[in-house]
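[1] following is a predicted model, sequence given first.
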Amino acid sequence: MSSKGILYIIVSGENDHKRALEAVRMAEYQTGDARNVALMLQGEGVEWLKEGKEEYRKEIQTSIGVVHELGGAIFLCGTSLNERGLTSSMGDYKFTISSAAKRISQVVDKGWQIAVF
């Protein structure tokens, strides 16, 4: 059975920025190939929405923006946002707040794969 899409769950924050960067790059490339791709930022992963001057932060945010512009869904864990005092936006982008457990169940039911970074 082939996958109908892939949900990348990013829980890695600044201490593991290389892992988060790899995830958003893979999502960006696959979204550009017209595949069903979505990102879910959860836990420390929502911290990528914060402003910062670090080069790796800019790269991650650019890739998130590209995935969004190419039609990939970006979901944010509401609890993780609230715990960190963040909103569901990044610059000019506004993303969907979603329950991680609910979103994961939905994509599994649709035959999507899940990759956690």
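    That came through fine.

[2] the one helix or strand Thr31 maps to packs against which elements?
    Assigned by DSSP states H and E, Thr31 belongs to helix 17-32. Contacts defined by 3 or more Cβ pairs under 8 Å, 6 or more residues apart in numbering; DSSP states H and E place helix 17-32 against strand 6-10, strand 37-41, helix 55-69. Using the backbone N, CA and C atoms, a C-beta is placed for each residue, glycine as well.

[3] now tabulate those in JSON lines and tack on distance to Cys77.
    Formatted as JSON lines, the helices and strands packed on helix 17-32 follow (distance: least, Cβ to Cβ, whole Å):
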{"stretch": "strand 6-10", "distance to Cys77": "9"}
{"stretch": "strand 37-41", "distance to Cys77": "7"}
{"stretch": "helix 55-69", "distance to Cys77": "15"}
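
[4] pick the most deeply packed of these.
    Comparing these by mean neighbour count (mean count of other Cβ atoms under 10 Å), strand 37-41 comes out on top with a mean of 26.

[5] and stretch 53-67, how far out from the chain's middle?
    How far stretch 53-67 lies from its chain's middle: 11 Å, per Cα atoms, centre = their mean, to the nearest Å.

[6] residues making contact with that stretch?
    14, 17-18, 20-21, 24-25, 27-28, 31-32, 37, 39, 48-50, 74, 90-91, 93 (Cβ atoms under 8 Å, 6 or more residues apart in numbering).

[7] are any of those residues buried, and which?
    17, 20-21, 24, 27-28, 31, 37, 39, 48-49, 74, 90 (16 or more other Cβ atoms under 10 Å).

[8] export the helix holding Thr31 as CSV, just CAs?
    Output in CSV follows, covering the C-alpha atoms of helix 17-32 (Å, rounded to 0.1, in the frame of the first residue of the first chain):
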residue,chain,number,x,y,z
HIS,A,17,18.1,22.6,15.3
LYS,A,18,19.9,20.3,12.7
ARG,A,19,17.1,17.7,13.2
ALA,A,20,14.4,20.3,12.8
LEU,A,21,16.1,21.8,9.7
GLU,A,22,16.3,18.4,8.1
ALA,A,23,12.6,17.8,8.7
VAL,A,24,11.4,21.1,7.2
ARG,A,25,13.8,20.7,4.2
MET,A,26,12.4,17.2,3.5
ALA,A,27,8.8,18.5,3.8
GLU,A,28,9.7,21.5,1.5
TYR,A,29,11.1,19.2,-1.2
GLN,A,30,8.2,16.8,-1.1
THR,A,31,5.6,19.6,-1.1
GLY,A,32,7.4,21.0,-4.2
